[in-house]
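> coordinates only, no sequence provided:
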């Protein structure tokens, strides 16, 4: 389904605001795709990341939701994956699917973006220049 058919204007504004806030809070870039994935949301997410170009995709998080197939995928670019580990993306997915199950597609997306932003973190430094 085209995203415009799935959401009211107010819901679209809420999702767009959540994307902006997540980007500001965590320093990563986010995209949300809602629509048919031909049954494979991860492959659709890979296509979307690839379409961004290698440099842009590095810092990107793509959330793919296919309501018709009841599927979800969260993909991270190479740099973004240093900030969001599998646990963080799993928590976001659980938050989203809980809302989806209650019939709140837009709210689930907003909750998932907030969860991702809250868990985005700076990569752990393995070496420092500080002497003890």
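Ah, there it is. Keep in mind it's a predicted model, so treat the numbers as computed, not measured.
> check which helices and strands the biggest helix by length in the chain sits against.
Looking across the chain with DSSP state H, the single longest helix is helix 9-26. Judged by 3 or more C-beta pairs under 8 Å, 6 or more residues apart in numbering; DSSP states H and E, helix 9-26 is in contact with strand 29-34, helix 105-119. Where C-beta positions appear, they are placed from N, C-alpha and C, glycine not excepted.
> now that helix against helix 105-119, angle please.
Put simply, helix 9-26 runs at 10 degrees to helix 105-119, going by axes from the mean of the first three to the mean of the last three C-alpha atoms, to 10 degrees.
> so which of the helices and strands packed on helix 9-26 is nearest residue 17?
Proximity to residue 17 (C-beta to C-beta) singles out helix 105-119 among the helices and strands packed on helix 9-26, at 8.2 Å.
> so where's this protein uncertain?
1-5, 121-132 (pLDDT under 70).
> what residues sit buried inside the helix or strand residue 82 falls within?
Per DSSP states H and E, residue 82 falls inside helix 80-83. By neighbour count with 16 or more other C-beta atoms under 10 Å, helix 80-83 contains the buried residues 80, 82, 83.
> name the nearest residue to residue 15, sequence neighbours excluded.
residue 109 (5.4 Å; C-beta to C-beta, 6 or more residues apart in numbering).
> ok, now which ones touch the one you found?
15, 18, 32, 34, 63, 65, 96 (C-beta atoms under 8 Å, 6 or more residues apart in numbering).
> what do you get for residue 62?
So residue 62 contacts 30, 31, 32, 33, 45, 48, 49, 74, 75, 76 (C-beta under 8 Å, 6+ apart).
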